[in-house]
Structure formats: structure tokens, C-alpha cells
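J.: this is the structure alone, sequence omitted:
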């Protein structure tokens, strides 16, 4: 065992709460519909009906998935009259998606 390396990594380890929260974020994005929603919102602010049309799923499916993403603070919304427009909560989520797709799409 290399004690110096082990100590260095142990000092760099993130707190358990941060690890748990990140694991929940990955779980939320682990659903293909929620991932597709997040990707669409990384490109454009959209309402539920636009998202349903874009993903070719029902508005009910979109609403249910958005609720989970909002709960995880991955998306936010703003209301204009009776219509809610959704967007990613911040640029970090978009960066996470971009890096993830870069990883899976790179040639082997």
C-alpha cells in the first residue's frame, strides 16, 4: 500500500452528503425520458406541450418527469400567463450532459 497516495486521495474525498446528492442527480438523469427532457432544455426553454411534441410522449409523462427534475433542482420554470416555460436550472447541468454525450459518442 502507498500510504502517501492513500492520504492524498482521502484528503480530496468529497463529504458524504455531496456524494449522496450527486448520486441522486445521476439517478434522476438515469431515466431516458428525463435525460431527453434535460437535453432538450439544454438547447431551448420550452413549455410542456413543446416538450411533449419534441419527445413524442404525452404531456402527462412530461409533467411527471419535470416534477422529478424540479425536485432535484435540475430544471426551473417561469410562468407567462398560464403557461410555464422550463429551462435547465444552471449551466452545470448542461455541461454535465455535454460531457456525458461526448464520452459515449467518442470513437473507440
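T.: Good, I have the coordinates. The structure presented is a predicted model; accordingly, all values stated were derived computationally and were not measured.
J.: pLDDT score assigned to residue 8?
T.: With respect to pLDDT, residue 8 scores 97.
J.: which element is residue 11 on?
T.: Secondary structure here is read from DSSP states H and E; on that basis residue 11 sits in helix 3-12.
J.: so after that helix, what's the next helix or strand?
T.: Taking DSSP H and E as the definition, the helix or strand that follows helix 3-12 towards the C-terminus is helix 16-29.
J.: name the helices or strands packed onto that following helix?
T.: Judged by 3 or more C-beta pairs under 8 Å, 6 or more residues apart in numbering; DSSP states H and E, the packing partners of helix 16-29 are helix 32-43. Glycine gets a C-beta too; all of them are placed from N, C-alpha and C.
J.: now for the helix it packs on, which elements pack on it?
T.: For helix 32-43, the contact count by 3+ C-beta pairs under 8 Å, 6+ apart identifies helix 16-29, helix 48-55, helix 59-71, strand 75-80, strand 83-88, helix 91-105 as packing neighbours.
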